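Participant: Can you look at this prediction? I've put the sequence above it.
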Amino acid sequence: MSQVNTSQGPVAQGRQRRLSSLSEFNDPFSNAEVYYGPTTDPRKQKQAKPAKINRTRTMSVFDNVSPFKKTGFGKLQQTRRGSEDDTYSSSQGNRRFFIEDVDKTLNELLAAEDTDKNYQITIEDTGPKVLKVGTANSYGYKHINIRGTYMLSNLLQELTIAKSFGRHHIFLDEARINENPVNRLSRLINTQFWNSLTRRVDLNNVGEIAKDTKIDTPGAKNPRIYVPYDCPEQYEFYVQASQMHPSLKLEVEYLPKKITAEYVKSVNDTPGLLALAMEEHFNPSTGEKTLIGYPYAVPGGRFNELYGWDSYMMALGLLEANKTDVARGMVEHFIFEINHYGKILNANRSYYLCRSQPPFLTEMALVVFKKLGGKSNPDAVDLLKRSFKASIKEYKTVWTASPRLDPETGLSRYHPNGLGIPPETESDHFDTVLLPYASKHGVTLDEFKTLYNDGKIKEPKLDEFFLHDRGVRESGHDTTYRFEGVCAYLATIDLNSLLYKYEIDISNFIKEFCDDKYEDPLDHSITTSDTWKEMAKIRQEKITKYMWDDESGFFFDYNTKIKHRTSYESATTFWALWAGLATKEQAQKMVERALPKLEMLGGLAACTERSRGPISISRPIRQWDYPFGWAPHQILAWEGLRSYGYITVTNRLAYRWLFMMTKAFVDYNGIVVEKYDVTRGTDPHRVEAEYGNQGADFKGAATEGFGWVNASYILGLKYMNSHARRALGACIPPISFFSSLRPQERSLYGL
Ligand SMILES: OC[C@H]1O[C@H](O[C@H]2O[C@H](CO)[C@@H](O)[C@H](O)[C@H]2O)[C@H](O)[C@@H](O)[C@@H]1O
Ligand SMILES: [Ca+2]
């Protein structure tokens with residue numbers, strides 16, 4: 001058992017014995033609230049029972065950190081360096097530290113190791129990379145060294161978290177700060193990041209949930225909620241919340257019945273959160289019924305609201321973590337949005353009311369339905385039916401209606417309504433575009449913005465620019481040179497693949513759940529599975545006719561205005577595989593010809609360098625262009641390639657992406673960001689494009705990662721066998737990993 005330091009007095013020894021025996025029961029990898037919670041708090045040690053919490057396994061340092069040493073295979077034989085001095089190992093072989101003063105150690109650590117003073121310990125810091133910490137068994141009397149960026153940055157993270165739990169002294173398992181990075185990152189995503197990103201409206205938290213850092217007009221100072229005109233219960237609920245917390249100054253407003261572009265522009269200076277779906281809830285403490293919001297996850301960083309396509313990507317990750325209620329909640333919110341706002345919103349803020357985002361509801365409803373137990377669960381069936389009813393409405397009234405539908409080709413475009421300058425962008429985002437107009441009218445930039453927004457200055461060319469800019473934002477790909485000045489005219493491969501998927505899903509739904517006959521409550525039309533199958537077939541033919549380029553192996557966007565196929569090489573070409581509309585021959589050409597142009601060190605780039613074109617001061621880099629890679633592009637390409645039988649290519653692409661994420665996580669203080677530069681080996685998280693990089697701005701410890709990137713990590717790991725997983729844990733670069741493999745293993749990666 002634990003050693004007792006005989007140089008201490010009997011009181012200290014007794015205390016130490018109690019503390020040691022108490023801490024024996026901790027799983028080194030338990031959630032922060034358990035690990036730093038009351039039962040492990042030495043101050044509360046007397047009251048706390050030594051409960052057998054989360055002791056699921058006996059951890060050993062070597063099991064945990066040295067997989068290559070154990071399995072031993074040539075080149076990859078690597079071990080992560082542990083701390084010195086094994087004298088104080090516990091019987092389980094898992095050393096523990098005792099940090100007597102969390103604050104003091106935190107300050108010492110930062111002073112010595114955070115040499116660039118950004119509250120993170122990274123490979124760019126030039127400190128000694130070693131810190132002495134007291135051992136648990138000596139109750140801090142003897143010291144051992146913690147070495148290296150990864151362990152020191154994990155120490156910083158753990159101390160930061162312990163402090164946030166109000167802890168002054170802690171026991172800390174070495175295994176916790178030397179955890180295999182693949183395990184650590186997946187653990188944090190599943191047990192912590194999702195929780196930090198989850199929102200659920202109740203009477204007490206509305207102020208927090210309504211927070212928005214994007215707009216700073218005087219009218220945005222107080223939180224505000226806009227409620228659909230036909231939701232009086234919700235209106236009462238928010239008024240009650242406002243009255244319960246007067247200091248919040250929460251303003252509650254009804255939306256008009258008809259939401260026009262003029263109305264949306266008129267509230268740009270008084271933005272607010274838009275109400276979402278709620279359910280009735282019985283409060284046992286008051287004995288009364290109240291409303292409570294369905295849970296949902298936000299993307300993170302500046303995006304503190306429910307987004308359209310982010311939600312689908314996050315739902316996939318949430319389901320893997322068994323957070324089914326959150327994924328289901330987001331489906332409920334989308335049904336609500338379609339029924340009350342007319343579309344799945346870009347996000348639930350007033351300034352997003354006119355536009356949507358790439359549609360994924362049918363597939364999202366299907367994955368949630370399956371997870372809820374499928375046909376055997378009446379609740380799941382009910383959810384699925386309501387989802388498809390809403391999806392059919394969305395399909396007909398949003399995506400295949402004016403102005404999004406191009407009547408000539410029958411294909412659809414991102415083409416939302418709206419007026420004026422989008423208020424949610426970075427304040428200087430449009431300056432280079434607006435400056436010439438301000439000069440022309442002899443006014444300052446700010447004066448011009450007001451005059452233009454108020455309609456006092458008319459500039460048709462600028463109207464055209466913003467028409468496309470709104471389309472760009474609806475596409476989710478804001479911004480890219482692929483879409484600039486042209487988006488609203490483009491029938492994109494992205495959108496039309498998703499609509500093909502809707503048609504197929506709706507066809508299957510009608511067959512399986514509606515006795516092959518669906519009467520639409522809106523227009524009373526009757527359709528069968530064949531009706532929708534035929535629509536899908538027609539779209540597939542149109543896509544091939546207008547978009548497929550046999551020579552390059554790409555599906556390109558089609559410009560409906562000039563009636564011309566574009567040649568911008570985008571990773572969204574793989575959405576044709578995800579949706580299942582490409583032929584086998586097309587898929588093969590995509591893999592042989594398009595893929596090599598997009599495959600980079602860290603996975604798929606958003607587009608090719610050639611398509612993006614040269615970058616200069618007057619032509620700045622755009623975040624949805626080369627050399628950046630995005631989680632949704634990876635996720636959809638993996639699934640698309642897999643479904644066409646290209647599993648080995650999927651393995652390879654997934655390894656690349658996961659390597660890049662893991663490496664950045666290890667070297668940069670646990671960072672997980674919105675997007676990555678997939679061409680950068682050392683610091684792929686460093687992106688100096690629009691909006692910087694969400695997820696990078698934290699002190700001490702990242703708490704939320706970024707929604708769809710979190711999901712991509714968990715989904716990507718499903719393609720890794722144990723060998724690849726170990727290589728990732730040791731941060732073996734893709735080239736080294738692939739070239740270290742025996743021929744039959746290389747074939748697993750399509751090499
Ligand atoms: O505020 C600027 C823009 O921000 C959003 O776009 C980006 O973040 C979204 C949330 O992660 C994501 O869905 C989108 O693809 C990103 O480009 C927002 O969607 C835009 O409308 C907004 O102008
Ligand atoms: Ca630093």
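Facilitator: Great, that's in hand. Ligands and ions are numbered 1, 2, ... in the order given.
Participant: Please count neighbours and contacts with C-alpha atoms only from this point.
Facilitator: Will do.
Participant: ok, and the closest non-adjacent residue to the residue in the chain positioned nearest to ligand 1?
Facilitator: At 3.6 Å from ligand 1, residue 476 is the closest residue in the chain, using Cα to the nearest ligand atom. The shortest distance from residue 476 to any non-neighbouring residue, by Cα to Cα, 6 or more residues apart in numbering, is to residue 357 (5.8 Å).
Participant: List the contacts of the one you found.
Facilitator: By Cα atoms under 8 Å, 6 or more residues apart in numbering, the contact set of residue 357 is 308, 309, 344, 345, 346, 473, 474, 475, 476.
Participant: Low-confidence stretches in this structure?
Facilitator: Scanning the chain for pLDDT under 70 picks out the ranges 1-26, 39-93.
Participant: With adjacent residues omitted, what lies nearest to residue 437?
Facilitator: Leaving out its chain neighbours, residue 437 is closest to residue 448 (Cα to Cα, 6+ apart), at 7.6 Å.
Participant: tell me the secondary structure for the one you found?
Facilitator: Secondary structure, DSSP: H, G, I helix; E, B strand; the rest coil: residue 448 is helix.
Participant: pretty sure it is touching residue 436, no?
Facilitator: No - Residue 448 lies out of contact with residue 436 (Cα atoms under 8 Å); the separation is 10.3 Å.
Participant: between the two, who's got more neighbours?
Facilitator: Per other Cα atoms under 10 Å, whichever of residue 448 and residue 436 has more neighbours is residue 448, with 21 against 12.
Participant: If we ignore the residues flanking it in sequence, what's nearest residue 520?
Facilitator: residue 526 (6.4 Å).
Participant: Please apply the same query to residue 238.
Facilitator: Closest residue to residue 238 apart from its sequence neighbours, by Cα to Cα, 6+ apart: residue 252 at 6.5 Å.
Participant: got the CA positions of the strand or helix carrying residue 716 in CSV?
Facilitator: Assigned by DSSP states H and E, residue 716 belongs to helix 707-717. Taking C-alpha atoms only, helix 707-717 is exported to CSV below (Å, rounded to 0.1, in the frame of the first residue of the first chain):
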residue,chain,number,x,y,z
GLY,A,707,-18.6,21.2,-32.3
TRP,A,708,-18.2,19.6,-35.7
VAL,A,709,-14.5,19.0,-35.2
ASN,A,710,-15.2,17.2,-31.9
ALA,A,711,-17.6,15.0,-33.9
SER,A,712,-15.1,14.4,-36.6
TYR,A,713,-12.5,13.1,-34.1
ILE,A,714,-14.8,10.5,-32.7
LEU,A,715,-16.2,9.5,-36.1
GLY,A,716,-12.7,9.3,-37.6
LEU,A,717,-11.5,7.0,-34.9
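Participant: And that helix, what does it pack against?
Facilitator: Judged by 3 or more Cα pairs under 8 Å, 6 or more residues apart in numbering; DSSP states H and E, the packing partners of helix 707-717 are helix 309-320, helix 631-643, helix 647-667.
Participant: Any idea how far it is from the middle of the chain?
Facilitator: Chain-centre distance of helix 707-717: 8 Å, with Cα atoms, centre = their mean, to the nearest Å.
Participant: Tell me what the residue nearest to residue 520 is bridged to.
Facilitator: residue 519 (DSSP bridges).
Participant: I'd say residue 747 and residue 648 touch.
Facilitator: Yes - using Cα under 8 Å, residue 747 is in contact with residue 648, at 7.0 Å.
Participant: neighbour count winner among those two?
Facilitator: Shown here are residue 747 and residue 648; by other Cα under 10 Å, residue 648 has more neighbours (18 against 14).
Participant: check contacts around that one.
Facilitator: Contacts of residue 648 by Cα under 8 Å, 6+ apart are 747, 748, 749, 750.
Participant: which bits of the stretch 101-250 of the chain sit near ligand 2?
Facilitator: With Cα under 5 Å from the ion as the criterion, the stretch 101-250 of the chain comes near ligand 2 at residues 114, 116, 118, 120, 121.
Participant: Can you get me a residue count around the fourth one?
Facilitator: What it means is residue 120. For residue 120, the neighbour count with other Cα under 10 Å is 28.
Participant: One more: the last one?
Facilitator: Summarising burial for residue 121: neighbours were counted as other Cα under 10 Å, giving 33.
Participant: do the third one as well
Facilitator: Using other Cα under 10 Å, residue 118 has 14 other residues around it.
Participant: pretty sure it is touching residue 699, no?
Facilitator: Yes - when contacts are counted by Cα under 8 Å, residue 118 is listed as touching residue 699 (7.3 Å).
Participant: intersection of neighbour lists for these two?
Facilitator: By Cα under 8 Å, 6+ apart, residue 118 and residue 699 have no common neighbours.
Participant: can you list the residues that contact the one helix or strand residue 471 maps to?
Facilitator: If you go by DSSP H and E, residue 471 is part of helix 460-474. Identification of contacts with helix 460-474 by Cα under 8 Å, 6+ apart yields 346, 355-358, 414-422, 478-480, 483-488.
Participant: Of those, grab the buried ones for ChimeraX.
Facilitator: Those of the contacts of helix 460-474 that count as buried under 16 or more other Cα atoms under 10 Å are selected in ChimeraX with:
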select :346,355,356,357,358,414,415,416,418,419,420,421,422,478,479,480,483,484,485,486,487,488
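Participant: which of the contacts of helix 460-474 are close to ligand 1?
Facilitator: Here is what survives when those are matched to ligand 1 using Cα under 6 Å from any ligand atom: 346, 478.
Participant: Any idea how many residues pack against residue 140?
Facilitator: For residue 140, using other Cα under 10 Å, the count is 18.
Participant: In which helix or strand does the closest residue to it other than its chain neighbours reside?
Facilitator: Distances taken as Cα to Cα, 6+ apart place residue 134 nearest to residue 140, at 3.9 Å, with adjacent residues excluded. Using DSSP H and E, residue 134 sits within strand 130-134.
Participant: Thanks a lot, see you next time.
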